[in-house]
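**Student:** Can you look at this prediction? I've put the sequence above it.
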Amino acid sequence: DTAVSQTPKYLVTQMGNDKSIKCEQNLGHDTMYWYKQDSKKFLKIMFSYNNKELIINETVPNRFSPKSPDKAHLNLHINSLELGDSAVYFCASSQVTANYGYTFGSGTRLTVV
Amino acid sequence: GDSVTQMEGPVTLSEEAFLTINCTYTATGYPSLFWYVQYPGEGLQLLLKATKADDKGSNKGFEATYRKETTSFHLEKGSVQVSDSAVYFCALSVGAAGNKLTFGGGTRVLVKP
């Protein structure tokens, strides 16, 4: 069983489209995260949710909207996609605190053309 | 704010060579420290961690010691294999619930036969 699963693994879309990435964890963790990894491998946090409540919302354009229907799911919806949104997006989960580390999903490679 | 600085790569080694990747940090509190590894096309996997000063984390032949006096957490392996080729990330977390992992920029390691 996959601990943190993301879908889709690859996403190619045109500028201006709206797309969603889904994430699910079966670890019983309370906190979930979205990170963006750019072409130079730099990882930047976007959002975190603890038990469906938004905890961290970094400086991210309003076009990005996370949704957590329950503590096992954290989806990412992106409106009006731009070329600069091309990146790998990682979902992760942890126990209440990040001090025990994260478990990561395998990533979604988004390419905007 | 909190930050992690890693040596820039790529680091190119021959099989059975000794590997060191330097990592230093600044933190507003008392951090937990981590090393993650990312193999090509995959998500990040926790390699090892340490939660207090002088702790040594170890896994798969890799080791790192939490040095509070030098604010460092250098990763070492005595004899690398081709399969160790990957990107390695140093990270820290500070505080309690609602915190996050802050990552360094990653170090690409290439081991040649």
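**Tutor:** Nice, thanks for sending it over.
**Student:** quick one: what helix or strand has the residue most central in space within chain A in it?
**Tutor:** Geometric centre of chain A, nearest residue: A:W34, 3.2 Å, by C-alpha atoms, centre = their mean. A:W34 is located in strand A:31-37, with elements delineated by DSSP states H and E.
**Student:** So which bits of chain A are right by chain B?
**Tutor:** Within chain A, the positions lying close to chain B (C-beta under 8 Å from any C-beta of the partner chain) are A:4, A:31, A:33, A:40-43, A:45, A:48, A:50, A:55-56, A:90, A:92, A:96-107. Any C-beta I mention is one placed from the backbone N, CA and C, and that applies to glycine too.
**Student:** how close does B:N59 get to A:Y10?
**Tutor:** Using C-beta to C-beta, to the nearest Å, one gets 30 Å for the distance from B:N59 to A:Y10.
**Student:** From chain B, how far off is A:P61?
**Tutor:** Taking C-beta to the nearest C-beta, to the nearest Å as the measure, A:P61 falls 19 Å from chain B.
**Student:** rewinding a little: buried residues, the helix or strand that the strand holding A:W34 is followed by. List them.
**Tutor:** Note on strand A:31-37: by DSSP H and E, the next helix or strand toward the C-terminus is strand A:43-50. Buried positions in strand A:43-50, judged by neighbour count with 16 or more other C-beta atoms under 10 Å in any protein chain shown: A:43, A:45-50.
**Student:** and stretch A:64-71, C-alpha only, in PDB?
**Tutor:** In PDB, the C-alpha atoms belonging to stretch A:64-71 read as follows (Å, rounded to 0.1, in the frame of the first residue of the first chain):
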ATOM      1  CA  PHE A  64      -3.500  28.200  -6.100                       C
ATOM      2  CA  SER A  65      -6.200  26.900  -3.800                       C
ATOM      3  CA  PRO A  66      -5.800  23.900  -1.500                       C
ATOM      4  CA  LYS A  67      -8.700  21.900  -0.300                       C
ATOM      5  CA  SER A  68      -8.800  19.300   2.500                       C
ATOM      6  CA  PRO A  69     -12.100  17.400   2.600                       C
ATOM      7  CA  ASP A  70     -10.700  15.300   5.500                       C
ATOM      8  CA  LYS A  71      -7.400  14.800   7.200                       C
END
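**Student:** tell me the strands in chain A, going along the chain?
**Tutor:** A:4-7, A:10-13, A:19-25, A:31-37, A:43-50, A:53-57, A:64-70, A:73-78, A:87-94, A:103-104, A:108-112 (DSSP state E).
**Student:** what pairs with residue 37 across the strands?
**Tutor:** Using chain A here. A:Q37 has these beta-bridge partners by DSSP bridges: A:L43, A:V88.
**Student:** that's the other chain; I wanted chain B
**Tutor:** The partner list for B:V37 in beta bridges (DSSP bridges) reads B:Q45, B:Y88.
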